[in-house]
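1. Dropping the sequence and predicted coords here.
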Amino acid sequence: MCIVLDYIEKYPLRTKQILGISYEQLRSLTESSGIKHKELEKIKENQKVRINAAGGGRPQKLSFSEQIVLCLFYLRQMPSFEILGMLFGISKTEANDNFHYWRKIIRDILPASLLEQVSTIDSDLEIVQEILTKFQLLVDSAEQPINRPSQPEEQKNTIQERKNNILEKISLLVFQKLRILSM
């Protein structure tokens, strides 16, 4: 049972207010994310050394579309994971795990920001920076506690403040009309 998805299905015109995207965009994102998820699962399954037969284990409490709505709802509303878990009928740990899993998939599907696309080409980066000087921009930064990444390349994007407190830095660059340029 997912209160948020039930509400969106009942009132599709309010999707933009709740998630920040239209109902049609949500459907498209759900389809493309499901395809990407199945590809990742197939790769993971091929690398797995199996002791038990396939299909075992505890079934997911949330469907793919509910998990994607959870991720988008968190990005738009920024509730605590405990509140997010209560809204979606799961634990705060499961809400955290679902968010971080689907965030990576959605990040791969959606196009990179303009700054990120041109960051490797110096001449294009200078042109974009010159264009952006004509606009008022808002830059914000936040830190979020995360589990310690296991891969060394993932560890480069994290900060270890104390022995057990690992944070992920998030920077936002926003236009005057509140359109996110870079994340």
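-> Here it is on my side, so go on. Residues are numbered from 1 along each chain as shown.
2. List the neighbours of stretch 17-26 that are in contact with it.
-> 4, 7-8, 12-13, 15-16, 29, 68-69, 72-73, 75-77 (Cβ atoms under 8 Å, 6 or more residues apart in numbering). Yep, even glycine has a C-beta here, placed from its N, CA and C like the rest.
3. Can you give me the end-to-end span of it?
-> End-to-end span of stretch 17-26 (Cα to Cα, to the nearest Å): 12 Å.
4. likewise stretch 12-32?
-> Stretch 12-32: ends 19 Å apart by Cα to Cα.
5. Likewise for stretch 86-98?
-> End-to-end distance for stretch 86-98: 14 Å, by Cα to Cα.
6. what ranges do the helices span in the protein?
-> Secondary structure of the chain (DSSP state H): helices at 3-10, 15-19, 23-47, 64-77, 81-88, 92-109, 114-118, 122-132, 152-155.
7. Contacts only, for Q67.
-> Neighbours of Q67 in contact, by Cβ under 8 Å, 6+ apart: 60, 98, 101-102.
8. repeat that with 6 Å
-> Going by Cβ atoms under 6 Å, 6 or more residues apart in numbering, Q67 touches 98, 102.
9. going forward, begin numbering at 37 instead of 1
-> Will do, 37 is the new start, and the previous item becomes Q103.
10. where does it land on pLDDT?
-> The score at Q103 is 93. That number is its pLDDT.
11. first to last residue in stretch 141-161, what's the distance?
-> OK, stretch 141-161 end separation, Cα to Cα: 26 Å.
12. Could you tell me how many residues sit around I141?
-> Other residues lying near I141 total 21 when counted by other Cβ atoms under 10 Å.
13. I figured it hits K72, correct?
-> Yes: judged on Cβ atoms under 6 Å, I141 makes contact with K72 at a distance of 5.1 Å.
14. quick revisit: closest one to A89 among the helices of the chain?
-> helix 59-83 (12.4 Å; Cβ to Cβ).
15. List the residues that contact the residue nearest to S116 when sequence neighbours are not counted.
-> What sits nearest to S116 in space, not counting adjacent residues and going by Cβ to Cβ, 6 or more residues apart in numbering, is K128, at 7.6 Å. By Cβ under 6 Å, 6+ apart, the contact set of K128 is 117-118, 121.
16. show me where pLDDT drops low in this protein?
-> Scanning the chain for pLDDT under 70 picks out the ranges 37, 148, 150-151, 171-185, 190-219.
17. which residue is nearest the centroid of it?
-> Centroid-nearest residue in the chain: R139, 2.2 Å away (criterion: Cα atoms, centre = their mean).
18. one step back: any idea which of the contacts of stretch 53-62 is closest to E166?
-> Checking these against E166 by Cβ to Cβ gives L111 as the nearest, at 30.0 Å.
19. Who are the contact partners of the closest residue to I44 other than its chain neighbours?
-> Spatial nearest neighbour of I44, chain neighbours left out: T51 (5.2 Å); criterion: Cβ to Cβ, 6+ apart. By Cβ under 6 Å, 6+ apart, T51 lies in contact with 44, 59, 62.
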